[in-house]
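> Pasting the sequence and the predicted model now:
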Amino acid sequence: MILTGEEIKAQLGKNIIIDPFNPAMLNPNSYNLSLHDELLVYEEIVLDVRRPNRYRRSVIPPEGIVLRPGQLYLARTVERTETHNLVPMLEGRSSIGRLGLFVHVSAGFGDIGFCGYWTLELQAIHPIRIYAGLPICQILYHTVVGEITEYRNGKYQNNHDIQPSLFFKELQAPAKDPQMRLAFGQEMAE
């Protein structure tokens, strides 16, 4: 089940923290999150999942910035969120999608216990000018059934900035399963 806007408001300070919170951003079953004023763009021609990839940072000027098709832009929300006992989910706003901007290429679900800023994976199918502070996406909350284990020590937990992919950290950790070691190119222990 998805929480209503009124239930989101009732859970503030308990299972949900949205900072800053603006009542005008509350919807019937979600809350709008805003675009921060910085973007990251990878500098590599070919991205490598086994290592960190170089990127450059830019600030969105007051007159906005045009996003180009074929380029992935990483951004973040202005708001920091914290969620307990619920599953947070990030979705693009339909008004933004109708302009050809995808707010997340994947990774719409957050983990129970996630605390931090949401990194947005922006991709335009048509050139589009965006601005800092734009209400670009919405967060909604699902109830859960079963025993809860919170996300506490993950690589993106308690972030303070845009997070480029840290997938390489998973690949550097020794895999416990022999098949996984082979898949990641790690030698099997004799």
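Received it, and whenever you're ready, just let me know what you need. As the structure is a prediction and not an experimental result, all values here were calculated from the model. Residues are numbered from 1 along each chain as shown.
> Buried by neighbour count: which residues of stretch 102-119 qualify?
102-104, 110-119 (16 or more other C-beta atoms under 10 Å). Where C-beta positions appear, they are placed from N, C-alpha and C, glycine not excepted.
> and the two most separated of the residues you listed?
102 and 113 (26.5 Å; C-beta to C-beta).
> hmm, back to that, would you turn the buried residues of stretch 102-119 into JSON lines with secondary structure, pLDDT and distance to residue 134?
Shown next, in JSON lines, are the buried residues of stretch 102-119 (DSSP: H, G, I helix; E, B strand; the rest coil; pLDDT from 0 to 100; distance: C-beta to C-beta, whole Å):
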{"residue": "102", "secondary structure": "strand", "pLDDT": "94", "distance to residue 134": "14"}
{"residue": "103", "secondary structure": "coil", "pLDDT": "94", "distance to residue 134": "10"}
{"residue": "104", "secondary structure": "coil", "pLDDT": "85", "distance to residue 134": "15"}
{"residue": "110", "secondary structure": "coil", "pLDDT": "86", "distance to residue 134": "21"}
{"residue": "111", "secondary structure": "coil", "pLDDT": "89", "distance to residue 134": "26"}
{"residue": "112", "secondary structure": "coil", "pLDDT": "93", "distance to residue 134": "28"}
{"residue": "113", "secondary structure": "coil", "pLDDT": "93", "distance to residue 134": "28"}
{"residue": "114", "secondary structure": "coil", "pLDDT": "92", "distance to residue 134": "23"}
{"residue": "115", "secondary structure": "strand", "pLDDT": "93", "distance to residue 134": "24"}
{"residue": "116", "secondary structure": "strand", "pLDDT": "93", "distance to residue 134": "20"}
{"residue": "117", "secondary structure": "strand", "pLDDT": "95", "distance to residue 134": "15"}
{"residue": "118", "secondary structure": "strand", "pLDDT": "95", "distance to residue 134": "14"}
{"residue": "119", "secondary structure": "strand", "pLDDT": "94", "distance to residue 134": "16"}
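> give me the low-pLDDT residue ranges for the protein?
Residues of the chain meeting the criterion pLDDT under 70: 107, 173-190.
> tally of neighbours for residue 149?
The tally of other residues near residue 149 (other C-beta atoms under 10 Å) stands at 9.
> do the same with the one 4 residues further on
Per other C-beta under 10 Å, the neighbour tally for residue 153 reads 8.
> Could you pull up the contacting residues of it?
By C-beta atoms under 8 Å, 6 or more residues apart in numbering, residue 153 lies in contact with nothing.
> What's the separation between it and residue 110?
15 Å (C-beta to C-beta, to the nearest Å).
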